[in-house]
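**Q** the following comprises the amino acid sequence and a computationally predicted model.
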Amino acid sequence: MFKTRLVNALIALTIVLGLGVLFGLVLPEWARLRSGPKLVSTPVILQQVQGLSQLVTVKYVMEKIVVFEDPSILGDNRLAMLVHANVSAGINLSDIKPGDILISGRNISIKLPPARAPIMHTEIDETRTHVIDRTTGFFRTFDKDMEQTARKIAVSEVNKAAQDAGILKDAQDRAQNQLSNLFVNVMGFEQVEFRK
């Protein structure tokens, strides 16, 4: 009888310890996993402050489907992505030298720097860009860098398309219009001339 009680006590103790381990280790982990994804935030560090002298005068909103293929004897990896991008262009006002501005009474003559490709900025709109189709060859591994490569290709092609569509001329024309309005309506000049 004493042995039976001892065995029952050991079984009960084992069950209590087992439940303690279950509740103490497994349930908190299960609750953490059920709570969903969490963002672990680190401090933002300001690394540099730069002054800008760019007058951005035009933005083109463009879309392109990029198909990137990586053929191999083991099977082809392929990615099709719809890329939505904003391309901005303008002029760099820091290129204006003192001799580029001539004032005669209420008339002003300005030699504006040309709008050029280094002023252009292309930004992919992540909210509207997405993968349309993706296949991985049967004997190939998943290529995690394909999307990044497709984005780089898209930026290059969208930049070229914007230049072909005349974004630099539009930027130059709009810069002249904006500066004309500034000099006439705000600063009181009567005539504004832009020289080459």
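**A** Structure received.
**Q** what segments of this structure are helices?
**A** 2-21, 27-34, 146-164, 167-181 (DSSP state H).
**Q** and these: which comes nearest residue 80?
**A** Of all these, helix 146-164 sits nearest to residue 80, with 8.5 Å by C-beta to C-beta. All C-beta spots, glycine's among them, are computed from the backbone N, C-alpha and C.
**Q** just the angle for that closest one relative to helix 167-181, thanks.
**A** Following axes from the mean of the first three to the mean of the last three C-alpha atoms, to 10 degrees, one obtains 60 degrees for the angle between helix 146-164 and helix 167-181.
**Q** mind putting the helices of the chain in JSON lines, mean pLDDT included?
**A** Listed next are these as JSON lines, based on pLDDT from 0 to 100:
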{"stretch": "helix 2-21", "mean pLDDT": "70"}
{"stretch": "helix 27-34", "mean pLDDT": "66"}
{"stretch": "helix 146-164", "mean pLDDT": "91"}
{"stretch": "helix 167-181", "mean pLDDT": "93"}
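**Q** just put those helices in CSV and tack on distance to residue 103 and mean neighbour count.
**A** Output for the helices of the chain, formatted as CSV (distance: least, C-beta to C-beta, whole Å; neighbours: other C-beta atoms under 10 Å):
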stretch, distance to residue 103, mean neighbour count
helix 2-21, 85, 10
helix 27-34, 70, 9
helix 146-164, 34, 16
helix 167-181, 14, 18
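**Q** so for residue 52, which of these sits nearest?
**A** Between the helices of the chain, helix 167-181 lies closest to residue 52; by C-beta to C-beta that is 14.8 Å.
**Q** roughly how far out does that closest one sit from the chain middle?
**A** 26 Å (C-alpha atoms, centre = their mean, to the nearest Å).
**Q** can you check stretch 102-114 too?
**A** Offset of stretch 102-114 from its chain centre (C-alpha atoms, centre = their mean): 38 Å.
**Q** avg pLDDT for that stretch?
**A** In this model, stretch 102-114 has an average pLDDT of 92.
**Q** tell me which residues of that stretch are tucked away?
**A** Of the residues in stretch 102-114, 108, 110, 112, 113 count as buried by neighbour count, 16 or more other C-beta atoms under 10 Å.
**Q** from these, which is closest to residue 187?
**A** Closest to residue 187, out of all of the buried residues of stretch 102-114 and judged by C-beta to C-beta, is residue 108, at 8.3 Å.
**Q** let me see the contact set for the closest one.
**A** Shown in contact with residue 108 (C-beta atoms under 8 Å, 6 or more residues apart in numbering): 101, 102, 183, 189, 191, 192, 193.
**Q** so which of the residues you listed wins on neighbours?
**A** residue 183 (19 neighbours; other C-beta atoms under 10 Å).
**Q** how is this structure carved up into domains?
**A** 1-33, 54-195 (automatic domain parsing).
**Q** mind checking the end-to-end distance for the last one?
**A** Going back to what we said before, that points to domain 54-195. End-to-end distance of domain 54-195 (C-alpha to C-alpha, to the nearest Å): 19 Å.
**Q** same question for stretch 174-191.
**A** End-to-end distance (C-alpha to C-alpha), stretch 174-191: 17 Å.
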